[in-house]
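Q: output the structure for:
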Amino acid sequence: MSRLEALFLLAQRNGTDPAATAWEALSADGLALSRDGTRLDGEEANLAELRARFDRFARLRLPTLRCLGVA
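A: Next up is the predicted model:
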C-alpha cells in the first residue's frame, strides 16, 4: 500500500475528506503531485488530482482492502 492510499484510509476512518487529508500531509512535507511528468502547482491543482486518485482508489483498490480486512 502506498503512502497516499494509507492517507486515504486514515481520512475515511477519521471521517474527513480524503483529498484534503492527503494534501495536508503531503504539503506539510513539501511535496506535490505530478501528472504526465509535470509537477502540479498550487493547492487547487493538487486537490483536484487527489480527488481523481481517490475516486480510482475507491473503485479499484478499496473493495479488495475491505475483503482483506484492511479497510
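Q: quick one, strands of this structure?
A: Here the chain has its strands, by DSSP state E, at 34-35, 38-39.
Q: please identify the most buried of the ones you listed.
A: With neighbours taken as mean count of other C-beta atoms under 10 Å, those reach their highest mean count in strand 34-35, at a mean of 12. Just so you know, the C-beta spots here come from the backbone N, C-alpha and C atoms, and that holds for glycine as well.
Q: tell me the strands beside it, with direction?
A: Applying DSSP bridges, strand 34-35 is found paired with strand 38-39 (antiparallel).
Q: what sits closest to F54 if chain neighbours are left out?
A: P18 (4.6 Å; C-beta to C-beta, 6 or more residues apart in numbering).
Q: got the strands of the chain as CSV, with distance to R59 and mean pLDDT columns?
A: Formatted as CSV, these follow (distance: least, C-beta to C-beta, whole Å; pLDDT from 0 to 100):
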stretch, distance to R59, mean pLDDT
strand 34-35, 18, 96
strand 38-39, 25, 96
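Q: let me have those strands in JSON lines, adding distance to R66 as columns.
A: Below are the strands of the chain laid out as JSON lines (distance: least, C-beta to C-beta, whole Å):
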{"stretch": "strand 34-35", "distance to R66": "28"}
{"stretch": "strand 38-39", "distance to R66": "33"}
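Q: F8 is nearest to which of the ones you listed?
A: Closest of these to F8 is strand 34-35, at 17.4 Å (criterion: C-beta to C-beta).
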